[in-house]
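Q: Build me a structure from this.
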Amino acid sequence: YKGEKKVPIPTVFIGGNHEASGYLQELFYGGWAAPGMYYLGSAGVITFGGVRIGGLSGIYKDYNHELGHYEVPPYDRSSLRSVYHVRNVEAYRLAQIVEPLDIVLSHDWPRGIEQHGDTERLLRKKTFFRQEVMDNNLGSPVNEFLLNVLKPKFWFSAHLHVKFEAHVRHAGSTKESEPTSDINEPSDETSPAASTSLPTTKFVGIESESCVDGTKSLTEQMTSFLALDKCLPRRQYLQIFKVPRPTSEAGKKPKFQFDLEWLTILRKTADLTNNKRVKTSMPNTAMPVSHEEKSETFQLLRRSLCDISDENLLDIPDNFAITMPPFPIKIDPGTMKRGCMVGNPQTDAFLLMLGLHHTVTVPYNTSNVKDSNEILLEDDYDDTKDNVGLSDQKISSRLAAGDNEI
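A: Below is the predicted model of the structure:
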């Protein structure tokens, strides 16, 4: 964030339950937490080099699942935790995805996933999981639902501080036949994944092979799951995968891009976002986006980003901005207003691009510092001063000019 260190490898991440929630909440739809480090938001889908990556931030708690995103700083002891609890609106949006995903990220595991790997070995490492496994309560029922709906090639999780691999062979049902009402009240019934008689499925390959009879290949019906341990000495916290890129991306330099289907889903379901502490049920029917609706979104981007070519229209702008002075700061902390949302110009630009409004976020506002001219950063970042505190009008004009340096 300060610029003292640089991210050595392009990085995508989601939030868990030990985060700087106040900062991530202001990037609700995703954005650069630091240069080269992209946050997927409360839920999001992007592509990198043609590889399609989706994610759901936070952890599941049933008592908050149907509430709106009501939390705002200053957090009390309750909202400090509930702010990172998964809500049904994000799960519902992800469930509308039809186009295949390569990778899905979640913090907590899909419920029942332990039955698709070496369960006994897991229980030897974490003996206190046994009762949850017997009760089919280990992991998130929302993630279990999304795993069965989305059927990605890879699903990566964390949270339980142990390395665990599993390989899920999906039933032959098509995504369009999956129910959506489970998003509101995930079933507590024992799922097929929880049956102790299920054998461990071996993942037999990475790349799909075409089938002459038109049926999906084995790898297209499977998800390879991996959870890793904490990043500590002598712990298994790193693993490297090769994920094939689409042939259309061969030879091109990988870049971060927005996902057209996801942008269209956000526009179509914008009215479902709320900031009230009231229970809100999601529609019981699916709302997959049509080709025409995706075309409308693309035309909207053309108008919003009029000087950018179609080939680069979905490129995620390199528009990271320091929104508050990093530590150590050279101003009196007493001049800073505590306990209110600051906003982020990246979120302003994103909503403006899609014609949406702030609901759980606020416009970026430098008045949270007594005088924005008093933000004296280290010499290395003096050039960021001109990027702070842009109004909607300035963001609009600079977007229209194709300026990625907001």
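
Q: Got phi/psi on the closest residue to residue 67 other than its chain neighbours?
A: Spatial nearest neighbour of residue 67, chain neighbours left out: residue 277 (5.8 Å); criterion: Cβ to Cβ, 6 or more residues apart in numbering. Any C-beta I mention is one placed from the backbone N, CA and C, and that applies to glycine too. The phi/psi pair for residue 277 (degrees, to the nearest 10) reads phi -90, psi 60.

Q: Isn't residue 277 up against residue 66?
A: No: the criterion here is Cβ atoms under 8 Å, and residue 277 misses it with residue 66 at 10.8 Å.

Q: more neighbours, the two?
A: Between residue 277 and residue 66, counted using other Cβ atoms under 10 Å, residue 66 has the larger neighbour count: 17 against 13.

Q: Helices along the chain, start to end?
A: Counting by DSSP state H, the chain has helices at residues 21-25, 79-82, 88-95, 119-125, 130-134, 141-150, 260-268, 291-304, 345-354, 392-400.

Q: Surely residue 66 and residue 274 touch.
A: No: Residue 66 lies out of contact with residue 274 (Cβ under 8 Å); the separation is 10.8 Å.

Q: Find residues that contact each of these two.
A: residue 280 (Cβ atoms under 8 Å, 6 or more residues apart in numbering).

Q: which other residues reach stretch 28-38?
A: Here stretch 28-38 has contacts from 1, 3, 6-7, 9-13, 23-24, 27, 39-42, 44, 46, 69, 256, 266, 316, 318-320, 344, 346-347, 350-351, 360-361, using Cβ under 8 Å, 6+ apart.

Q: Try it again at 6 Å.
A: For stretch 28-38, the external contacting residues (Cβ atoms under 6 Å, 6 or more residues apart in numbering) are 1, 7, 10-12, 39-42, 44, 256, 320, 346, 350, 360-361.

Q: Please produce a ChimeraX select command covering the buried subset of those.
A: The following ChimeraX command selects only the buried members of the contacts of stretch 28-38, with burial defined by 16 or more other Cβ atoms under 10 Å:
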select :1,12,39,40,41,42,44,256,320,346,350,360,361
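
Q: Tell me the one of the contacts of stretch 28-38 nearest residue 241?
A: Distance to residue 241, by Cβ to Cβ, is smallest for residue 12 among those, at 13.4 Å.

Q: Find the nearest non-adjacent residue to that closest one, please.
A: According to Cβ to Cβ, 6+ apart, the nearest residue to residue 12 is residue 38 (5.2 Å).

Q: From what I see, residue 344 and residue 26 are in contact.
A: Yes: contact between residue 344 and residue 26 holds when scored by Cβ atoms under 6 Å: they sit 4.4 Å apart.

Q: Cross the contacts of stretch 28-38 against strands and list the overlap.
A: 11-12, 39, 44, 256 (DSSP state E).

Q: With pLDDT added, can I get the residues you listed in TSV?
A: TSV is the format used below for these (pLDDT from 0 to 100):
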residue	pLDDT
11	97
12	98
39	98
44	98
256	98
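
Q: Mind telling me the two of the residues you listed farthest from one another?
A: Most distant of the ones in strands among the contacts of stretch 28-38, by Cβ to Cβ, are 11 and 44, 14.3 Å apart.

Q: Looking at the helices of the chain, which is nearest to residue 235?
A: In terms of Cβ to Cβ, the element of the helices of the chain nearest to residue 235 is helix 119-125, at 11.4 Å.

Q: Residue 281: which of the helices of the chain is closest?
A: Closest to residue 281 of these is helix 88-95 (Cβ to Cβ; 7.6 Å).

Q: Please name every helix or strand in contact with that closest one.
A: Packing partners of helix 88-95 (3 or more Cβ pairs under 6 Å, 6 or more residues apart in numbering; DSSP states H and E): strand 43-48, helix 141-150.

Q: Now render the ones you listed as JSON lines, adding distance to residue 116.
A: Shown next, in JSON lines, are these (distance: least, Cβ to Cβ, whole Å):
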{"stretch": "strand 43-48", "distance to residue 116": "24"}
{"stretch": "helix 141-150", "distance to residue 116": "10"}
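
Q: Let me know which of these is the nearest to residue 245.
A: Checking the helices and strands packed on helix 88-95 against residue 245 by Cβ to Cβ gives strand 43-48 as the closest, at 9.3 Å.

Q: Next, the residues that contact the closest one from outside, please.
A: For strand 43-48, contacts defined as Cβ under 6 Å, 6+ apart pick out 30, 53-56, 90, 93-94, 254, 256-257, 259, 262.

Q: Closest one to residue 285 out of those residues, please.
A: residue 93 (14.2 Å).

Q: Might one say that that closest one is in contact with residue 265?
A: Yes: counting by Cβ under 6 Å, residue 93 does reach residue 265; the two are 5.3 Å apart.
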